[in-house]
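Undergrad: Provided below for reference: sequence and predicted model.
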Amino acid sequence: MSQKFLDQLFLKARSHYNWKNKNVDEKVLKELYDLVKNCPTSANSEPMRIIFLKSKKSKDRIKQYLSEGNVEKTMTAPIVAIIAYDSKFYNHLPKLFPHNPAMKKVLSNPPDKAKTTAFRNSTLQGGYFMLAARALGLDVGPMSGFDNSGVDKEFFSDGRFKSNFLCNLGYGDESKLLKRLPRFKFSEVCKIL
């Protein structure tokens, strides 16, 4: 893998909070999803659902649910992606995992197992989402500082989908980045047994 690609995805990639006034074309959002949908999830369950907020009107709907420190960075982002999960994802398993119809029952019972599977795998897909966005030349600003229940009522009124986290997307203003924060060393957090 080229150093340029490693830099773009990991080594020089940063979480952005300041954005250039540059439109993100819908074609790029479709390309982004087309990359993410091919990444692995448990039993190909694909529980992640995304709402892309692009218009001022749609972003105004989420504003009241943001933590104070997240308002400006979110309202100025070209795109705000609500990364959510389908709490009844298992209903789609006959289509997505047709060679083993029993997986619908396996992943839906007990209900806590379904919730854990949906949350875990939508989080996994959210990670793919951010890497795919970076691969397409976008910058990301993921966050969890918001009122999940408020966002869920506002955007998912039937209660089936649940918000996981938000991810601002666009073209970051490199001139306003903070110095990279410290990271753990391998020896501090990893063991090889």
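TA: Yep, that arrived. Numbering: from 1, shown residues only.

Undergrad: isn't Phe52 right up against Ala81?
TA: Yes: applying C-beta atoms under 8 Å as the test, Phe52 and Ala81 come out as touching, 5.5 Å apart. Glycine gets a C-beta too; all of them are placed from N, C-alpha and C.

Undergrad: Just want to know which of these two has more residues nearby.
TA: Just comparing Phe52 and Ala81: by other C-beta atoms under 10 Å the higher neighbour count belongs to Ala81, 24 against 17.

Undergrad: Just to be sure, Val140 is in a strand?
TA: Yes: counting by DSSP: H, G, I helix; E, B strand; the rest coil, Val140 falls inside a strand.

Undergrad: quick one: the strands in the protein?
TA: Using DSSP state E, the strands assigned to the chain run over residues 48-53, 79-86, 139-143, 161-170.

Undergrad: Tell me which of the ones you listed sits nearest to Phe5.
TA: Ranking the strands of the chain by proximity to Phe5 (C-beta to C-beta) places strand 139-143 first, at 15.6 Å.

Undergrad: Report the buried residues of that closest one.
TA: 139-143 (16 or more other C-beta atoms under 10 Å).

Undergrad: And the helices in the protein, which stretches?
TA: 3-6, 26-36, 56-63, 71-75, 93-96, 103-108, 111-135, 148-155, 186-189 (DSSP state H).

Undergrad: helices or strands up against the second one?
TA: In terms of contacts (3 or more C-beta pairs under 8 Å, 6 or more residues apart in numbering; DSSP states H and E), helix 26-36 is packed against strand 48-53, helix 111-135.

Undergrad: Out of the ones you listed, which one sits most buried?
TA: Neighbour counts (mean count of other C-beta atoms under 10 Å) averaged over each of those peak at strand 48-53, with a mean of 20.

Undergrad: Tell me the helices and strands packed up against that one.
TA: Looks like strand 48-53 contacts helix 26-36, helix 56-63, strand 79-86, helix 111-135 (3+ C-beta pairs under 8 Å, 6+ apart).

Undergrad: what about that strand, average pLDDT?
TA: For strand 48-53, the mean per-residue pLDDT is 98.

Undergrad: now do stretch 96-103
TA: 95.
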